[in-house]
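Student: coords please:
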Amino acid sequence: METRYASFENRLKDLLGLSSRPIAITFSAAEPDGVDRFAADMPPPTEDGRTGRVPAGCVFWVHATEKSFVTVPEDHGNCSVGSLTHGLTSLADAATHADVAALVESGWVSPEVFPQIPTVSEPPNFIVYGPLAETNDDPDVVFIRLNAKQAMVLHSAWPGLRFEGKPQCHVIPIAKEHGEIAVSVGCMLSRVRTGIPNNEMTCAIPFVELSHLLENLEASVAADRRVAEYAADDSKRFR
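Tutor: So this is what the prediction gives:
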């Protein structure tokens, strides 16, 4: 029997034509039962003390399309920006790290931007990632990867859609804390670390808005199909 969450995943995939699975992201004070912790060795720390189980928290998005797992703050520790956006470190602490210094020195970002970056307000003890269909409870955020056409369809269904730039990970707190659906065009830091294809964008959806979004998508996709049929038929005059 298909679960509620599996139904949500299948509808999202079918309506948008997604090539990768939607994932669920849950911030938690208590460790959930029945979900394994993410298993990977931590490399030796850098001179400023940074290390983690992956190069950056955004890498967990890629692993989460395959299976569910639990992470702790230390797992995210190699990327100070991601740790900041996810409420795992303070701005004052992040500013002391060499990776932030490298971003500023390169001209990629100015120091004045950091206080304006959206962040998760309540520091979590655990963050759970996994395919949407496999979650057992309502997550905070549903995360999907989109191409340009899929972003077009999504925007048609949700005109108030936010489009954001760097850093890519700040769409997570926008969805969680502000209840807004946000698309990120990505950032070079994340693209290199995750290997997400250049033709893809990402999108964070507050779970509380998912049912409403799916209803809008069904109407929008049906309208697009009618318009596509009209355009295809009209174009026959030019052949």
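
Student: okay, helices next: where are they in the chain?
Tutor: For the chain, applying DSSP state H gives helices covering 4-16, 59-63, 80-85, 91-94, 98-105, 148-157, 171-178, 188-194, 210-235.

Student: show me where pLDDT drops low in the protein?
Tutor: Low-confidence segments of the chain (pLDDT under 70): 1.

Student: endpoint to endpoint, stretch 141-161 covers what distance?
Tutor: End-to-end distance for stretch 141-161, by Cα to Cα, to the nearest Å: 15 Å.

Student: and Arg191, how close does it get to Ala182?
Tutor: In this view, Arg191 and Ala182 are 17 Å apart by Cβ to Cβ, to the nearest Å. Heads up, the C-betas are built off the backbone N, CA and C, glycines and all.

Student: over to Leu15?
Tutor: In this view, Leu15 and Ala182 are 19 Å apart by Cβ to Cβ.

Student: and for Asp140?
Tutor: Taken as Cβ to Cβ, the span from Asp140 to Ala182 is 13 Å.

Student: any common contacting residues for these two?
Tutor: Ala175 (Cβ atoms under 8 Å, 6 or more residues apart in numbering).

Student: okay, now the closest residue to Thr96 other than its chain neighbours: neighbour count?
Tutor: Among residues not flanking Thr96 along the chain, Asp48 sits closest, at 7.0 Å (Cβ to Cβ, 6 or more residues apart in numbering). If you count neighbours by other Cβ atoms under 10 Å, Asp48 ends up with 12.

Student: do the one 5 residues further on as well
Tutor: For Arg53, the number of neighbouring residues by other Cβ under 10 Å comes to 22.

Student: got the phi and psi for it?
Tutor: For Arg53, the backbone dihedrals (degrees, to the nearest 10) come out as phi -80, psi -10.

Student: span of stretch 30-43 from start to end?
Tutor: This stretch, stretch 30-43, spans 27 Å end to end (Cα to Cα).

Student: so how far is Ala92 from the nearest residue to Gly87 once chain neighbours are set aside?
Tutor: Residue nearest to Gly87 in three dimensions, not counting chain neighbours: Val120, with 3.2 Å by Cβ to Cβ, 6+ apart. Distance, Val120 to Ala92, using Cβ to Cβ: 16 Å.

Student: who has more neighbours out of those two?
Tutor: For Val120 versus Ala92, the count of surrounding residues by other Cβ under 10 Å is larger for Val120: 19 against 7.

Student: residues contacting that one?
Tutor: Phe27, Thr85, His86, Gly87, Ile172, Pro173, Lys176, Glu177.

Student: possible to save the residues you listed as JSON lines with neighbour count and distance to Leu103?
Tutor: Formatted as JSON lines, the contacts of Val120 follow (neighbours: other Cβ atoms under 10 Å; distance: Cβ to Cβ, whole Å):
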{"residue": "Phe27", "neighbour count": "20", "distance to Leu103": "25"}
{"residue": "Thr85", "neighbour count": "26", "distance to Leu103": "13"}
{"residue": "His86", "neighbour count": "26", "distance to Leu103": "17"}
{"residue": "Gly87", "neighbour count": "20", "distance to Leu103": "19"}
{"residue": "Ile172", "neighbour count": "29", "distance to Leu103": "19"}
{"residue": "Pro173", "neighbour count": "23", "distance to Leu103": "19"}
{"residue": "Lys176", "neighbour count": "25", "distance to Leu103": "23"}
{"residue": "Glu177", "neighbour count": "16", "distance to Leu103": "23"}
